[in-house]
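1. For reference, the sequence and a predicted model appear below.
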Amino acid sequence: MTSTTRLMMIPVFYLLVLSLMFVICIKTGYSKVSDQNALIKSLKTQNNTLTEKDNILRGAQSEISTYFKASGYALPSTNPVLVSLAQVKNLASEYLLPLEETKVSGFEAGGGAGSSVKITLKTTGEVTQILSFIKAFSTITPLTVVDKMEMANLQGEALSVSLSLFSYWQESPTKLPNYADPIKKISDRDMTALTKMAQLEVPTFSNLSPVGPYERTNPFN
Amino acid sequence: MAAINLLPKKFQSKDSLLKASRGLKTLNMVGTMVFFVGVLVVVGLIVVNQTQIKSLEKKNEVLATSIKKMNQVESQYILLKQRAESFNNITESQLTKGSFDNFEKIFIDQGTLFFEQADISKTKSEVVLRAADSARLTSLLDKIVAQNLYKKVVISGFNYAPGTGYSVSLELN
């Protein structure tokens, strides 16, 4: 090996080793920092979601206490057909309309508008009386809407009316979403709906107090 | 004074090679410094990022615990939201109170007009009316036009019988 070769070999070798180390370090460092940045981004997104969710839930406690019960009357979590029938009968008696035929049919489950049960009824009365009766359905709970009305003339001012109603309920969610999933905020439109639900007329329930067992007297004494 | 070099000529390095060797050494030195500075920067960045990750993970953990504690509130909130959305969907698609209001505005207080039949559904209303004279019918049609409550009004039937008077069938959309 000549002195010239030796003179150049050491710095060239050093430069090659340095370049190799530089490439390895840059590659490893870049990959590590990129992974960390991706993780930070995802953690920040999660943090924002969780902070928003936490704030919403903390702030919603007053809304829940105000509207939860009322919304439960408007859209109960189970089929409200018996309560709906009672409400229909109450309204009919309020507007002095005789209920001639009441039928319950067709349960429709699910969908964005909750589940529903169909109630059909027939009655007779004057047109103003009937219209007031129909309009009153928008003021009662469970949420009951008139789907169809057919009126036919009987005699004089009396009309025979067939009504088709839908009474709705909303099943409770069976599973909570993952804690890290974002929560859908109650919008102003939803708030208006909740306020309307709170204004609806609640059915009156009577509680029968339990009657204790009485001592049975022996009739042969 | 001239430089004295006692080495035989064949062992002497060329000037250009000496310069190149010196240049390489300088480059290596600068490269080494850049390499160490670079490594320091990368390591620093990794340490800073790691601290940030730990801090964010801790914050998220605290928030997660707080949210999990409020799971009853969350379930009620979700149900409340569902109920509000359902209420909006139902009331938007229903046969509205307005349909009956329109019907009332036009057909009630019409004196001697009698209902033969009326079918009201979401899409359209069909009404069959009876009137003793044609003036009553004219006044009703004038009222329908003046109130402008329906997009389309079709007179689907018109009959006259001497005993009962006029009978008119209307389709209101």
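-> Cool, the structure landed.
2. Please give the element, helix or strand, for residue 38.
-> Just so you know, I chose chain A. In the assignment (DSSP states H and E), A:Ala38 maps to helix A:3-74.
3. hm, I was asking about chain B
-> Judged by DSSP H and E, B:Gly38 forms part of helix B:15-69.
4. Which residue ranges make up each domain of the chain?
-> All of this refers to chain A. A:1-68, A:78-171 (automatic domain parsing).
5. other chain: chain B
-> If you go by automatic domain parsing, chain B breaks into B:15-94, B:97-172.
6. quick one: low-confidence parts of chain B?
-> Counting by pLDDT under 70, chain B contains low-confidence residues at B:1-3, B:7-14, B:93-99, B:108-112.
7. about what we covered before: now render the domains of chain B as a markdown table, adding distance to A:Tyr30 and mean neighbour count.
-> C-beta coordinates here come from the backbone N, C-alpha and C atoms, glycine included. Converted to a markdown table, these look like this (distance: least, C-beta to C-beta, whole Å; neighbours: other C-beta atoms under 10 Å in any protein chain shown):
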| stretch | distance to A:Tyr30 | mean neighbour count |
| --- | --- | --- |
| domain B:15-94 | 8 | 15 |
| domain B:97-172 | 63 | 15 |
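8. Adding distance to A:Thr174 as columns, could you present these in a markdown table?
-> Listed next are the domains of chain B as a markdown table, based on distance: least, C-beta to C-beta, whole Å:
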| stretch | distance to A:Thr174 |
| --- | --- |
| domain B:15-94 | 10 |
| domain B:97-172 | 32 |
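9. Now render these as JSON lines, adding distance to chain A.
-> Converted to JSON lines, those look like this (distance: least, C-beta to the nearest C-beta, whole Å):
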{"stretch": "domain B:15-94", "distance to chain A": "4"}
{"stretch": "domain B:97-172", "distance to chain A": "4"}
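10. what about these, which gets the closest to A:Arg6?
-> Taking C-beta to C-beta, domain B:15-94 is the member of those nearest to A:Arg6, at 9.9 Å.
11. Tell me how far that closest one lies from the chain's centre.
-> Relative to its chain's centre, domain B:15-94 lies at 28 Å (C-alpha atoms, centre = their mean, to the nearest Å).
12. Just to check, B:Leu79 is in contact with A:Leu176?
-> No. Under the criterion of C-beta atoms under 8 Å, B:Leu79 makes no contact with A:Leu176, lying 10.7 Å away.
13. quick revisit: outside of the following helix or strand past the helix holding A:Ala38 itself, list whatever touches it.
-> Per DSSP H and E, helix A:3-74 leads on to helix A:81-94 as the next helix or strand towards the C-terminus. Outside helix A:81-94, the residues that touch it by C-beta atoms under 8 Å, 6 or more residues apart in numbering or on different chains are A:76, A:98-99, A:102, A:104, A:117, A:119, A:121, A:123, A:133, A:136-137, A:140-142, A:144, A:165, A:167, A:203.
14. change it to 10 Å
-> A:73, A:76, A:80, A:97-99, A:102, A:104, A:107, A:117-119, A:121, A:123, A:125, A:132-134, A:136-137, A:139-144, A:163, A:165-169, A:201-205 (C-beta atoms under 10 Å, 6 or more residues apart in numbering or on different chains).
15. Just give me the residue closest to the centre of chain B.
-> Nearest residue to the geometric centre of chain B (C-alpha atoms, centre = their mean): B:Glu85, 13.9 Å.
16. Remind me which helix or strand that one belongs to.
-> Going by DSSP H and E, B:Glu85 is part of helix B:71-93.
17. related to what we said a few turns ago, ok, and which of the contacts of helix A:81-94 reach chain B?
-> With C-beta under 10 Å from any C-beta of the partner chain as the criterion, the contacts of helix A:81-94 include A:76, A:132, A:134, A:136-137, A:139, A:143-144, A:163, A:165-166, A:168-169 near chain B.
18. could you flag which of the residues you listed are buried?
-> Neighbour counting by 16 or more other C-beta atoms under 10 Å in any protein chain shown classes A:76, A:132, A:134, A:136-137, A:143-144, A:163, A:165-166, A:168-169 among those as buried.
19. Tell me which of these fall in helices.
-> If you go by DSSP state H, these have A:132, A:134, A:136 in helices.
20. mind listing what the last one touches?
-> Think A:Ala136. A:Ala136 touches A:87, A:90-92, A:94-95, A:144, A:201, B:97, counting by C-beta under 10 Å, 6+ apart.
21. From the residues you listed, list just the buried residues.
-> Applying 16+ other C-beta under 10 Å to the contacts of A:Ala136 flags A:87, A:91-92, A:95, A:144, B:97 as buried.
22. Most widely separated two among the residues you listed?
-> For the buried ones among the contacts of A:Ala136, the farthest-apart pair by C-beta to C-beta is A:Ala92 and B:Lys97; their separation is 18.2 Å.
23. before we move on, back to that, name the helices or strands packed onto the helix holding B:Gly38?
-> If you count contacts as 3 or more C-beta pairs under 10 Å, 6 or more residues apart in numbering or on different chains; DSSP states H and E, helix B:15-69 packs onto helix A:3-74, helix B:71-93.
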